[in-house]
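Asker: Below is the structure, and that's it, no one-letter string:
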């Protein structure tokens with residue numbers, strides 16, 4: 001008799017094998033190629049790549065200092081570090097990306113978000129298909145402000161429990177969050193404004209993801225599901241004002257930023273209220289008069305020199321080495337990962353291109369476990385907010401490298417775009433849409449097989 005679990009495994013194994021992937025491809029120790037470091041402490045995501053020159057390591061530590069130090073209110077004697085706000089979410093990059101790892105949603109009822117941001121967009125996109133800001137609150141909800149400026153309001157999160165069971169009868173519970181904006185200081189949101197909660201992603205290994213040739217990413221572009229495997233990954237193309245055209249999106253939960261520099265400038269602007277040459281405009285909306293009239297830290301508030309240091313720092317961050325790859329349970333978990341269809345989206349391997357002026361990134365065989373594409377993840381995870389070509393239910397495939405060290409580095413195991421999943425199992429069980437088949441394959445596994453699959457993911 002063929003069980004449902006066996007049938008799911010067979011269907012997905014055929015799809016995986018057709019791509020020529022073996023379990024050996026999933027068990028490579030050096031996830032970052034020559035940029036891999038042997039580190040498993042709380043600093044595992046914050047180390048410089050081992051293949052840097054002495055001068056490059058000096059550049060790394062300069063950028064590290066700016067990334068981790070708080071910015072201050074203008075005017076200040078430390079003029080290189082002033083200009084915070086007037087409205088903001090965090091005072092430093094590390095405030096959201098603690099130890100260069102993943103952020104976390106508020107875990108206490110009265111806690112205001114720092115590494116979780118609420119992004120806004122009206123239902124009608126603007127020029128170049130770019131999301132349009134709420135007329136009163138802009139592109140981001142800012143719960144903090146400098147003195148004399150009213151913060152935009154408070155966020156409250158309440159959860160609805162969703163009960164389910166694995167095929168073997170083991171129960172589980174998922175938490176579905178609802179986001180409530182209260183004590184709004186500048187009037188109501190526009191009637192058609194959509195809210196998108198997004199937790200800060202990890203930044204280690206970003207330079208390697210930026211260095212993947214576009215043609216490799218497009219190898220799995222299959223918007224019409226031509227191979228009939230149920231996976232319809234597609235790229236996001238976003239407007240780059242510096243070159244005056246749409247380019248491939250690589251960063252952000254909906255792949256809405258083309259490179260590290262644009263991602264960094266966007267975070268400075270919307271989450272710290274600071275201008276740069278990439279984004280020279282203040283974020284204050286016309287109704288926010290105290291914000292509009294507040295002192296600034298100059299034009300731009302972040303000098304090009306400091307900005308370049310911080311971008312270079314992110315490009316030089318290493319990836320931690322894999323662990324426990326010889327354990328039988330991890331090896332069995334790798335096969336289950338492949339058989340369940342997880343690799344169809346969480347692509348194991350890429351090879352970076354030749355990056356001019358950045359030899360440490362060039363020609364590296366890496367194993368990030370992402371395809372750098374958008375996937376429709378179903379209504380359960382949808383936020384309804386379109387972002388360039390990404391629909392309200394599409395999300396990028398999150399890289400899995402380093403996942404087994406998240407608890408050590410960041411002190412939590414929250415996952416997905418808004419941190420709703422309390423662990424890896426819950427993250428898998430939230431998969432819908434294109435991830436439905438892989439989720440069902442996982443749900444139909446025996447307890448021992450589920451544990452083996454999770455052990456494999458923990459080895460990342």
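Answerer: Cool, got the structure. The structure displayed is predicted, hence computed values, not measured ones.

Asker: show me what contacts residue 109?
Answerer: Residue 109 makes contact with residue 156, according to C-beta atoms under 8 Å, 6 or more residues apart in numbering. Glycine gets a C-beta too; all of them are placed from N, C-alpha and C.

Asker: Could you verify that it is part of a helix?
Answerer: No. Counting by DSSP: H, G, I helix; E, B strand; the rest coil, residue 109 falls outside a helix, being coil.

Asker: Please tell me how far it sits from residue 45.
Answerer: As judged by C-beta to C-beta, to the nearest Å, residue 109 and residue 45 stand 29 Å apart.

Asker: repeat for residue 217
Answerer: Distance, residue 217 to residue 45, using C-beta to C-beta: 23 Å.

Asker: Who has more neighbours out of those two?
Answerer: residue 45 (28 against 21; other C-beta atoms under 10 Å).

Asker: so who does that one touch?
Answerer: Counting by C-beta under 8 Å, 6+ apart, residue 45 has contacts 99, 100, 101, 202, 203, 204, 317, 320, 402, 405, 409.

Asker: cool, and residue 451?
Answerer: Listed by C-beta under 8 Å, 6+ apart, the contact set of residue 451 reads residue 329.

Asker: backbone phi and psi for it, please?
Answerer: Per-residue torsions, residue 451: phi -70, psi -40 (degrees, to the nearest 10).

Asker: Could you do residue 165 as well?
Answerer: Here residue 165 shows phi and psi, under degrees, to the nearest 10, equal to phi -140, psi 150.

Asker: contacting residues for it?
Answerer: By C-beta under 8 Å, 6+ apart, the contact set of residue 165 is 171, 172.

Asker: Could you do residue 239 as well?
Answerer: By C-beta under 8 Å, 6+ apart, residue 239 lies in contact with 127, 128, 129, 130, 245, 246, 388.

Asker: Return the member of the contacts of residue 45 nearest to residue 356.
Answerer: residue 317 (19.6 Å; C-beta to C-beta).

Asker: Quick one: neighbours of residue 29, just the number.
Answerer: Based on other C-beta under 10 Å, the number of other residues close to residue 29 is 12.

Asker: Let me know whether it touches residue 326 as I believe.
Answerer: No. Under the criterion of C-beta atoms under 8 Å, residue 29 makes no contact with residue 326, lying 10.0 Å away.

Asker: any idea which helix or strand carries the closest residue in space to residue 198 that isn't next to it in sequence?
Answerer: Nearest non-adjacent residue to residue 198, counting by C-beta to C-beta, 6 or more residues apart in numbering: residue 253, 5.0 Å away. Assigned by DSSP states H and E, residue 253 belongs to neither a helix nor a strand.

Asker: residues touching residue 253, list them.
Answerer: 198, 201, 395, 396, 417 are the contacts of residue 253 under C-beta under 8 Å, 6+ apart.

Asker: from those, which ones fall inside strands?
Answerer: Of the positions in these, 198, 395, 396 sit in strands, assigned by DSSP state E.

Asker: looking at these, which has the most residues close by?
Answerer: When neighbours are taken as other C-beta under 10 Å, the top entry among the ones in strands among the contacts of residue 253 is residue 396 (26 neighbours).

Asker: wait, isn't it in contact with residue 254?
Answerer: Yes. Between residue 396 and residue 254 a contact is recorded at 6.4 Å, counting by C-beta under 8 Å.

Asker: Now the terminal residues of stretch 40-55, how far apart.
Answerer: 26 Å (C-alpha to C-alpha, to the nearest Å).

Asker: Among the contacts of residue 45, which one sits closest to residue 341?
Answerer: Within these, the smallest distance to residue 341 is 22.2 Å, found for residue 402 (C-beta to C-beta).

Asker: Model confidence for the closest one, exactly?
Answerer: As predicted, residue 402 sits at a pLDDT of 98.

Asker: Next, count neighbours for the closest residue in space to residue 432 that isn't next to it in sequence.
Answerer: With C-beta to C-beta, 6+ apart as the criterion, residue 432 has its nearest non-adjacent residue at 2.3 Å, and that residue is residue 378. Residues within reach of residue 378, counting by other C-beta under 10 Å, total 16.

Asker: ok, residue 378 - contacts?
Answerer: Applying C-beta under 8 Å, 6+ apart, we find residue 378 in contact with 393, 431, 432, 433, 434, 435, 436.

Asker: Among those, which are located in helices?
Answerer: The helices, defined by DSSP state H, take in residue 436 from those.

Asker: Among the contacts of residue 378, which one is most surrounded by other residues?
Answerer: Each of the contacts of residue 378 was scored for neighbours by other C-beta under 10 Å, and residue 435 scores highest at 27 neighbours.

Asker: Look up how far residue 398 lies from that residue.
Answerer: For residue 435, the distance to residue 398 - C-beta to C-beta - is 11 Å.

Asker: got the end-to-end distance for stretch 237-255?
Answerer: So stretch 237-255: terminal residues 8 Å apart, C-alpha to C-alpha.

Asker: Report the distance from it to the chain centre.
Answerer: Taking C-alpha atoms, centre = their mean, to the nearest Å, one finds the center of stretch 237-255 at 15 Å from the center of the full chain.

Asker: can you check stretch 352-360 too?
Answerer: Distance of stretch 352-360 from the chain centroid (C-alpha atoms, centre = their mean) equals 23 Å.

Asker: try stretch 366-374
Answerer: With C-alpha atoms, centre = their mean, you get 12 Å for stretch 366-374.

Asker: ok, now stretch 304-319?
Answerer: 18 Å.

Asker: For that stretch, buried residues please.
Answerer: Residues of stretch 304-319 classed as buried: 306-319 (neighbour count, 16 or more other C-beta atoms under 10 Å).

Asker: Which of those fall in helices?
Answerer: Under the assignment DSSP H, these contribute 306, 307, 308, 309, 310, 311, 312, 313, 314, 315, 316 to helices.

Asker: so can I have CSV of these showing pLDDT and distance to residue 258?
Answerer: Below are those laid out as CSV (pLDDT from 0 to 100; distance: C-beta to C-beta, whole Å):
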residue, pLDDT, distance to residue 258
306, 97, 21
307, 98, 16
308, 98, 17
309, 98, 20
310, 98, 17
311, 98, 13
312, 98, 17
313, 98, 19
314, 98, 14
315, 98, 14
316, 98, 19
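
Asker: My read is that residue 262 contacts residue 269, right?
Answerer: No. The criterion here is C-beta under 8 Å, and residue 262 misses it with residue 269 at 10.5 Å.

Asker: Helices along the stretch 1-150 of the chain, start to end?
Answerer: Taking DSSP state H, counting those that start in this stretch to define them, one finds helices in the stretch 1-150 of the chain at 4-17, 54-68, 93-96.
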